[in-house]
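> turn this into a model:
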Amino acid sequence: MTDYITDEAHGTNWSLLLGDSCERLAEIETDSVDLSICSPPFASLFIYSPSVRDLGNAASRVEFLEHYSFIIREQLRVTKPGRRACIHVQQLTTTKSMTGYMGMTDFRGEVIRAFQDAGWIYDGEVTVWKDPQAQSIRTRSHALAFATKNRDSATTRPALADYLLLFKKPGENAVDVASRVLERFEALRAHGFSEEDIWDIGAITALFGLSNRMANLTSMQPNPEFYLMGRVPKAASPDKAR
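Numbering: from 1, shown residues only. Sure thing, here's the model as predicted:
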């Protein structure tokens, strides 16, 4: 077993705890957390250490869910009534070496049922679609390979999506989480901008924000004429020169 290390650090409005979640969650006050965002190990898909504390180091799916249930219950205790936990999961495949066939298991559904059994309300999810080619390269999945499609497409399948599962603790939310969009609109109106002006500002800002990110990603350089626009004085026209 690897050495178990704990540590912590604190600052203004934040605390960072290192250690086993099953134990360290017990140190957090009841009804004190507004939102938790977690990505638990996907059962034994990845085993990060030989430690028995490692959620991924499970002999079976039943053992994993039993271990994970301690964390699920503690998350419910520390979360404020009416507030959320967001859990990132994906469906899991089976292998011939482990089960005798290649298929899928409903890991997403098992996690949903585990949270419901602990007392959470399941009330939504976000699907994160994945690129089949990128997933094929990363996972070396037989079912996503072009060679499999060309040889026998009956053994292919779509890429596995990720899911962000949304759970709510029963009870009424004591403090409204109000959108600040209207405040931003009022601030712009105070400077004399109309409704149409405000939407134009938002659209142009979003367009340039996206293009700047793409340019940064690809190290794209603008052509010299465009780059120098507005940066050097314009040459005088022939008429003005005379």
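> does Lys168 touch Phe115 like I think?
No - counting by CB atoms under 8 Å, Lys168 stays clear of Phe115, with 10.1 Å between them. Backbone N, C-alpha and C define where each C-beta goes, glycine included.
> mind naming the longest helix for this protein?
In the chain, assigned by DSSP state H, the helix with the most residues is helix 195-218.
> can you give me the strands for this structure?
Taking DSSP state E to define them, one finds strands in the chain at 7-11, 14-18, 33-38, 79-90, 92-93, 104-105, 121-128, 162-168.
> of Lys168 and Phe115, who's got more company?
The residue with more neighbours, out of Lys168 and Phe115, is Phe115; 22 against 17, by other CB atoms under 10 Å.
> contact partners for the more buried one?
Neighbouring residues of Phe115 by CB atoms under 8 Å, 6 or more residues apart in numbering: Ile72, Ala85, Ile87, Tyr122, Leu165, Phe167.
> again, only using 10 Å
Tyr68, Ser69, Ile72, Arg73, Gln75, Leu76, Ala85, Ile87, Ile121, Tyr122, Leu165, Phe167 (CB atoms under 10 Å, 6 or more residues apart in numbering).
> quickly note the distance from it to Glu66.
Separation of Phe115 from Glu66 (CB to CB, to the nearest Å): 14 Å.
> where does this protein dip in pLDDT?
1-2, 217, 220-222, 226-227, 229-231, 234-242 (pLDDT under 70).
> what's the overlap in contacts for Lys168 and Phe115?
Ala85, Ile121, Tyr122.
> Gly19 is in contact with Ile5, correct?
Yes - assessed by CB atoms under 10 Å, Ile5 is found in contact with Gly19 at 7.6 Å.
> more neighbours: the two, which one.
Gly19 (15 against 7).
> my guess is the more buried one meets Ser51, correct?
No - contact criterion CB under 10 Å: Gly19 and Ser51 do not qualify, at 11.8 Å.
> who touches both of those two?
Tyr4.
> so for the longest helix of the chain, what gets flagged as buried?
For helix 195-218, a neighbour-count test (16 or more other CB atoms under 10 Å) marks Ile198 as buried.
> repeat that for stretch 73-90.
For stretch 73-90, the neighbour count (16+ other CB under 10 Å) marks 73-80, 82-90 as buried.
> neighbours of the nearest residue to Ile112 once chain neighbours are set aside, how many?
The spatially closest residue to Ile112, leaving aside those adjacent along the chain, is Tyr122, at 5.3 Å (CB to CB, 6 or more residues apart in numbering). Around Tyr122 there are 15 other residues, counting by other CB under 10 Å.
> what separates Tyr122 from Thr148, distance-wise?
Taking CB to CB, one finds Tyr122 at 35 Å from Thr148.
> before we move on, what about Val181?
From Val181 to Thr148 the distance is 47 Å (CB to CB).
> quick one, which of these two is more surrounded?
Between Val181 and Thr148, counted using other CB under 10 Å, Thr148 has the larger neighbour count: 17 against 9.
> the more buried one: what's it in contact with?
Thr148 touches Ser136, Ser141, His142, Ala154, Thr155, Thr156, Arg157, counting by CB under 10 Å, 6+ apart.
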